[in-house]
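Asker: predicted model and sequence below, questions to follow.
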Amino acid sequence: MLRLASSSQTRAKLLRDAGIVFIQESVDFDEESIIATSPKNFVYQATLGKFEANVRAFGYKEYPLLVADTVVASCGQILRKAKCIDDARNILLTQSGSVTSIITCMIYQSQKMKIIDISTTKYIFDEFDLDDVESYLQSGEWRGKAGACMVEGFCKKYIKSVEGSQSTAMGLHTEILQRFL
């Protein structure tokens, strides 16, 4: 049993699908204060901030602690969570027909070990159909998603090629985590 310090339903689903028993609760961390020029540096700082906040709140003696964060990068830009529908549209159009990297960092801490992993999955996307983009935006499914990206949803039909793990792109590299549990 571990504590997933994330409100992400996608991360919870990944753990359930991997057969990892967990409870889910977390405290917030303000990512807006992070200043980073590289996506890997940003995602590491965000994950470390979440880790420190959740260690203070819960510790890791009762249950091992797992935190994660994901960022999307395309065309030399760090594409964070969209703040509004226009922001989401711009973020998606940046990825359309481009190479997009989805970078996830996780920190796992138990009394016996600490794991820090940063993994990247790269996608080459076809051009997005603009009517499809608008339909996706109206659905609201993009809310709370790094880069407004859902490789298991909206973006799936536009994938030309992929290099890396889908679980990384969905927010938690469960294959690596399972090796240590």
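Answerer: Alright, I've got the coordinates. Bear in mind the structure is a predicted one, so any value in this text is a computation, not a measurement. Numbering: from 1, shown residues only.

Asker: before we move on, which element is the residue nearest the centre of the chain in?
Answerer: Here the mean C-alpha position of the chain is nearest to the C-alpha of Thr70 (C-alpha atoms, centre = their mean), at a distance of 2.8 Å. Counting by DSSP states H and E, the element that carries Thr70 is strand 65-74.

Asker: just checking: what are the partner strands of that strand?
Answerer: Each strand paired with strand 65-74, and its direction, by DSSP bridges: strand 2-4 (parallel), strand 77-79 (antiparallel), strand 99-109 (antiparallel).

Asker: just to revisit the earlier point, pLDDT score for the residue nearest to the centre of the chain?
Answerer: pLDDT, Thr70: 94.

Asker: try Gly144
Answerer: In this model, Gly144 carries a pLDDT of 87.

Asker: roughly how far does it sit from Leu172?
Answerer: Distance, Gly144 to Leu172, using C-beta to C-beta, to the nearest Å: 15 Å. Glycine gets a C-beta too; all of them are placed from N, C-alpha and C.

Asker: name the surrounding residues that touch the lengthiest helix in the chain.
Answerer: Ranked by number of residues, the top helix in the chain under DSSP state H is helix 39-58. For helix 39-58, contacts defined as C-beta atoms under 8 Å, 6 or more residues apart in numbering pick out 3, 5-6, 25-31, 34, 36, 65, 67-73, 78, 101, 103-107, 109, 118, 120.

Asker: then stretch 15-30?
Answerer: Contacts of stretch 15-30 from elsewhere in the structure, counted by C-beta under 8 Å, 6+ apart, are 1-7, 12, 46, 49-50, 52-54, 56-58, 63, 66-67, 172, 174, 177-178, 181.

Asker: pull out the buried residues from those.
Answerer: 2-6, 12, 46, 49-50, 53-54, 58, 63, 66-67, 172, 174, 177, 181 (16 or more other C-beta atoms under 10 Å).

Asker: picking that back up, buried ones from the contacts of helix 39-58, can you make that a PyMOL selection?
Answerer: Buried members of those can be picked out in PyMOL with the line below, counting by 16+ other C-beta under 10 Å:
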select buried, resi 3+5+6+26+29+31+34+65+67+68+69+70+71+72+73+78+101+103+104+105+106+107+109+118+120
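
Asker: lowest average confidence across the strands paired with strand 65-74, which one?
Answerer: Per-segment mean pLDDT for those reaches its minimum on strand 77-79, at a mean of 92.
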